[in-house]
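Asker: sequence and predicted structure are below.
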Amino acid sequence: MDKQEKKQIQSAFKEKMDYDELMNCTRCGFCLPTCPTYIETGRNEVHSPRGRIALMKGLVDGVIEPSEEVKQSIDMCLGCRACEPVCPSGVNFGRLLEQARDAIYQNKKQTVPEKVMKGIFFKGIFPHQNRMVGLTGLLSFYQRSGAQKLAQATGIMKLFPESMRTMEKVLPKVPKKSEMKARPRHLQPLVKERKKKVAFFSGCLMDTMFMRTNDATVKLLQYAGCEIVVPDTQACCGALHGHSGELKQAKEMAKRNIQAFEVAGVDFIITNAGGCGAFLVEYDHLLKDDPVWSERAKSFCAKIKDITSILIELDFHEQPLALEKKIITYQDSCHLKNGQKTFMEPRQLLESIEGVRYVEMKDASRCCGSAGIYNIVQSEMSMQILDYKMEQVQKTEAKMIVTANPGCLLQMKLGIEREGLSDEMQAVHIVDLLLEAYENANATNESSNQQFLAMQT
């Protein structure tokens, strides 16, 4: 960093950081055993939550100068927020991390590749769902046309890092572009009793690459007795932008989403991706200084609810649910647990499935190393964390890993592939598993439910 960069970053830290929040840290160390990077770096204090807070405070106070070492410490943080539930002072570390990254990345000179990548994805694609559909449509063509097999057979993929080569193998089968556009926007319950009217936050990647899981989510909500509205003007949640130092753009998308859901007139806004939900539920903090949007953001946040929470609230776990005999385990989505405070609901649903034996893995709530794009930009540490996670998975003897976030799902699939277990183990989103369990146990009622829906339409 040159002197001008350092001066600008230091000034930005003084302007952007919540100093009161920094001062809340008492250096007690309760956060240390929960931090994956602190553990995996041999208990290096620089890569712990309190160590990072000390660096942030030092920059604000002018005691230390910005440096590549400071940036590396901030970059290596997963943003999993596992430190927050154990902090006796209630430090909101996730917010401090976003502020610090915003201060660094809005003032540090970027390389040409960095500028291009951010311009393409953060500004050119993620805010525009039609472009997301087009991009994932190309991925679908790559998978269906035989180009994927050709690329793997000819060794072209060897030009990419190992983690990306493995990730390419475990990507889900992406629907055709035409399928991604044909989405219903208003659905009625598939049972006779209407219990709630909800809106569904479909997301960007979830509604393209993971569209099948979105379809399963909507169907589960119908079986649970929900009328569902899917606003067509909703946008990406902004989480990737917020976590990558692009808070200005994250705020713009927050406003788009608030406006899109305000007119829906629903009881709840349902999410099925832990990372999205945790960011959505904190729009009120993101927009707290905006006099026009702050109150609207609070109303929006009060309605956010994860799919597992609404299913438990509607007693879905008391419905018949059944699968073939198998051992399953659950990997927490960090942001679902630490951001949305949803921990027991997924477990309660899994334990209610007849025929399966649920086994809790050790450190189920420790981050798997996915963390948005972390497994790409911090590949070595990500794989180190994943290796530990797979050790714990194998100790459960489970044949299925269940999770509630697309990033975690891909990371678990990547772990299975790396361990050579793809023939005997699989990873699934909890929504897909629950739908299969419900329809398997209620097969005789399926046709009557479809007839009931047909009569309504």
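Answerer: Arrived safely.
Asker: mind listing residues that contact stretch 237-244?
Answerer: For stretch 237-244, the external contacting residues (Cβ atoms under 8 Å, 6 or more residues apart in numbering) are 79, 97-98, 101, 105, 118, 122, 126, 201, 203-204, 247, 249-254, 257, 275-276, 278-280, 286, 372-373. C-beta here means a position set from N, CA and C on the backbone, and glycine is covered the same way.
Asker: list the buried residues in the longest helix along the chain.
Answerer: The single longest helix within the chain, with elements called by DSSP state H, is helix 379-396. By 16 or more other Cβ atoms under 10 Å, the buried positions in helix 379-396 come out as 379, 381-386, 388-390, 393, 396.
Asker: which of the residues you listed lies closest to residue 89?
Answerer: Using Cβ to Cβ, residue 385 is the member of the buried residues of helix 379-396 that lies nearest residue 89, at 26.1 Å.
Asker: which residues touch that closest one?
Answerer: Neighbour list for residue 385: 36, 40, 78, 366-369 [criterion: Cβ under 8 Å, 6+ apart].
Asker: in TSV, list the buried residues of helix 379-396 along with pLDDT and distance to residue 227.
Answerer: Listed next are the buried residues of helix 379-396 as TSV, based on pLDDT from 0 to 100; distance: Cβ to Cβ, whole Å:
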residue	pLDDT	distance to residue 227
379	89	44
381	96	45
382	94	41
383	93	44
384	96	46
385	97	41
386	97	40
388	97	44
389	98	39
390	98	41
393	98	38
396	98	38
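Asker: which one of those residues is nearest residue 341?
Answerer: Closest approach to residue 341 among the buried residues of helix 379-396 (Cβ to Cβ): residue 389, at 22.0 Å.
Asker: tell me who's in contact with that closest one.
Answerer: The contact partners of residue 389, by Cβ under 8 Å, 6+ apart, come to 331, 363, 366, 368-369, 412, 415.
Asker: residue 343 is in contact with residue 332, correct?
Answerer: Yes - under the criterion of Cβ atoms under 8 Å, residue 332 makes contact with residue 343 at 7.1 Å.
Asker: these two: which is more packed in?
Answerer: More crowded of residue 332 and residue 343, by other Cβ atoms under 10 Å: residue 332, with 26 against 16.
Asker: which residues touch the residue lying closest to the more buried one once chain neighbours are set aside?
Answerer: Take residue 332 and drop its neighbours on the chain: the residue closest to it by Cβ to Cβ, 6 or more residues apart in numbering is residue 365, 4.2 Å away. Taking Cβ under 8 Å, 6+ apart, we find residue 365 in contact with 82, 332, 334, 337-338, 343.
Asker: what do you get for residue 400?
Answerer: Taking Cβ under 8 Å, 6+ apart as the criterion, residue 400 is in contact with 326-329, 425-428, 433.
Asker: just those residues: which are in strands?
Answerer: Among those, the ones falling in strands (DSSP state E) are 326-329, 426-428.
Asker: of the residues you listed, grab the buried ones for ChimeraX.
Answerer: Listed next is the ChimeraX selection for buried residues among the ones in strands among the contacts of residue 400, using 16+ other Cβ under 10 Å:
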select :328,329,426,427,428
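Asker: now which of the contacts of stretch 237-244 would you call buried?
Answerer: Those of those that meet the buried threshold are 79, 97-98, 101, 105, 118, 122, 126, 201, 203-204, 247, 249-251, 253-254, 257, 275-276, 278-280, 286, 372, by 16+ other Cβ under 10 Å.
Asker: max pairwise distance over the buried residues of helix 379-396: which two?
Answerer: Taking Cβ to Cβ as the measure, the buried residues of helix 379-396 span a maximum distance of 26.1 Å, between 379 and 396.
Asker: show me where pLDDT drops low in the protein?
Answerer: Across the chain, the ranges flagged by pLDDT under 70 are 161-164, 166, 181-182, 444-457.
Asker: which residue is the nearest non-sequential neighbour of the residue most central in space within the chain?
Answerer: Nearest to the geometric centre of the chain sits residue 275, at 2.5 Å (Cα atoms, centre = their mean). Sequence neighbours aside, residue 335 is the residue nearest to residue 275 in space, at 4.8 Å (criterion: Cβ to Cβ, 6+ apart).
Asker: surely that neighbour and residue 404 touch.
Answerer: No - under the criterion of Cβ under 8 Å, residue 335 makes no contact with residue 404, lying 9.7 Å away.
Asker: and for these two, which residues touch both?
Answerer: Each of residue 274 lies in contact with both residue 335 and residue 404 under the rule Cβ under 8 Å, 6+ apart.
Asker: which stretches in the stretch 101-250 of the chain count as strands?
Answerer: The residue ranges that make up the strands of the stretch 101-250 of the chain, judged by DSSP state E, counting those that start in this stretch, are 186-187, 196-200, 226-229.
Asker: next, the residue nearest to residue 332: secondary structure please.
Answerer: coil (DSSP: H, G, I helix; E, B strand; the rest coil).
Asker: ramachandran angles for it?
Answerer: Note on residue 365: backbone dihedrals following degrees, to the nearest 10 are phi -90, psi 0.
Asker: ok, residue 94 - contacts?
Answerer: Residue 94 is in contact with 79, 81, 84, 338-339, counting by Cβ under 8 Å, 6+ apart.
Asker: determine which two of those residues are furthest apart.
Answerer: Using Cβ to Cβ, these span at most 10.9 Å, a distance reached by 79 and 84.
Asker: what is the burial count for residue 324?
Answerer: A count of neighbours around residue 324, defined by other Cβ under 10 Å, yields 7.
Asker: that one should be in a helix, yeah?
Answerer: No - if the criterion is three-state DSSP, then residue 324 is strand and not within a helix.
Asker: so the residue nearest to it when sequence neighbours are not counted, which state does it fall into?
Answerer: Computed as Cβ to Cβ, 6+ apart, the closest residue to residue 324 that is not its neighbour in sequence is residue 355, at 5.9 Å. At residue 355 the chain is in strand, as set by three-state DSSP.
Asker: give me the neighbour count for residue 355.
Answerer: Residue 355 - counted by other Cβ under 10 Å - has 13 other residues nearby.
Asker: before we move on, what about the one 4 residues further on?
Answerer: By other Cβ under 10 Å, the residues close to residue 359 number 14.
Asker: what's the nearest residue to it if we skip its chain neighbours?
Answerer: residue 396 (4.3 Å).
Asker: was I right about that neighbour contacting residue 361?
Answerer: Yes - counting by Cβ under 8 Å, residue 361 is a contact partner of residue 396 at 4.9 Å.
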